[in-house]
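Mind looking at a prediction? Sequence and model below.
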Amino acid sequence: MLYALLCCHDEAVVSSWTKEEDDAVLAKRHRVTERLAAKGKLGPALRLMPTTAATTVRMGGEPVILDGPFAETKEALLGFYLIDCDSLDEAIETAKDIGRDEKVVFEIRPVKLFLPNGIAS
């Protein structure tokens, strides 16, 4: 089963990190993702640009285009990992391993792939 680990964090905190602090966090996470990749369990891992670069399309009647994400939350989605796990428990353990010693939130969601021909897998 594929799981998305949605990485949410206080964007002001993350953007205040020095290059050295940011590099240290990414290096620690890289050690975990290297193990996943070696087992063939790691898909794309993406870091999103800041929410100030976001655009929101709000549908319902006429579409409204807005600058920013306009999420009602202190923490913002800053990136995600796509992992292949045998169970939700394995996905939870992976999230705990990636985020060890950090103040970070991972929302874990099963992923259902849709193929280009419209047939769900």
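Cool, the structure landed.

ok, residues contacting stretch 75-87?
For stretch 75-87, contacts defined as CB atoms under 8 Å, 6 or more residues apart in numbering pick out 1-11, 14, 33, 36, 40-48, 51, 69, 71, 91, 94, 98, 105, 111. (C-beta placed from N, C-alpha, C; glycine too.)

mind redoing it with 7 Å?
For stretch 75-87, contacts defined as CB atoms under 7 Å, 6 or more residues apart in numbering pick out 1-11, 14, 36, 41-48, 51, 69, 91, 94, 98, 105, 111.

and the helix ranked longest in the chain, what's its mean pLDDT?
Longest helix of the chain, by residue count under DSSP state H: helix 19-38. Averaging pLDDT along helix 19-38 yields 93.

just the buried members of the contacts of stretch 75-87?
2-11, 14, 36, 41-43, 45, 51, 69, 91, 94, 98 (16 or more other CB atoms under 10 Å).

Which ones among those residues lie within helices?
Those of the buried ones among the contacts of stretch 75-87 lying in helices (DSSP H): 11, 14, 36, 91, 94, 98.

Export those residues as CSV, with columns for distance to residue 20.
Below are these laid out as CSV (distance: CB to CB, whole Å):
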residue, distance to residue 20
11, 19
14, 14
36, 25
91, 30
94, 26
98, 20
